[in-house]
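In: Structure, please.
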Amino acid sequence: MNTCKTIGRGQLAELYNPHLSPSAARKKLAMWIAYHPTLSKELEKAGLQPNQRTFTPRQVEIIFEALGEP
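Out: Coordinates of the predicted model:
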């Protein structure tokens, strides 16, 4: 997944956690973001809103930098 594009939260979560149910995958990704020392702050700076359903290309880039590509 070399090209960053807009992607849904659930879709990205399932890429990181394909063995989990969609709901569990979303919760796991949210937990990783919350507990990462800088990731949640960087995403907020990039405009992430609490109820946002998709990640922008910049936000996807930030996630990949912090967690690695799925």
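In: got a list of contacts for stretch 33-43?
Out: Residues outside stretch 33-43 that contact it (C-beta atoms under 8 Å, 6 or more residues apart in numbering): 32, 59, 62-63, 66-67. All C-beta atoms are positioned from the backbone trio N, CA, C, and that covers glycine.
In: The same query, at a cut-off of 7 Å, please.
Out: Here stretch 33-43 makes contact (C-beta atoms under 7 Å, 6 or more residues apart in numbering) with 59, 62, 66.
In: May I ask you to confirm that the second one is in contact with residue 47?
Out: Same thing as residue 62. No. Judged on C-beta atoms under 7 Å, residue 62 makes no contact with residue 47 at a distance of 10.7 Å.
In: neighbour count winner among those two?
Out: Between residue 62 and residue 47, residue 62 has the larger neighbour count (other C-beta atoms under 10 Å), namely 21 against 10.
In: Tell me which helix or strand the residue nearest to the more buried one when sequence neighbours are not counted sits in.
Out: In this structure, residue 62 finds its nearest non-sequential neighbour in residue 42, 4.9 Å apart by C-beta to C-beta, 6 or more residues apart in numbering. Assessed by DSSP states H and E, residue 42 sits inside helix 39-45.
In: Can you point out the buried residues in that helix?
Out: Residues of helix 39-45 classed as buried: 39-40, 42-43 (neighbour count, 16 or more other C-beta atoms under 10 Å).
In: Show me how far it is from its chain's centre.
Out: Here helix 39-45 is found 11 Å from its chain centre; the criterion is C-alpha atoms, centre = their mean, to the nearest Å.
In: CA atoms only: put the longest helix seen in the chain into CSV for me.
Out: In the chain, with assignment by DSSP state H, the single longest helix is helix 22-35. What follows is helix 22-35, C-alpha atoms only, in CSV (Å, rounded to 0.1, in the frame of the first residue of the first chain):
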residue,chain,number,x,y,z
PRO,A,22,-14.8,-5.4,11.8
SER,A,23,-16.0,-4.0,15.1
ALA,A,24,-13.1,-5.5,17.0
ALA,A,25,-10.6,-4.3,14.4
ARG,A,26,-11.9,-0.7,14.6
LYS,A,27,-11.7,-0.8,18.4
LYS,A,28,-8.1,-2.2,18.2
LEU,A,29,-7.0,0.5,15.8
ALA,A,30,-8.6,3.2,18.0
MET,A,31,-6.7,1.8,21.0
TRP,A,32,-3.4,1.8,19.1
ILE,A,33,-3.9,5.4,18.1
ALA,A,34,-4.9,6.5,21.7
TYR,A,35,-2.0,4.7,23.3
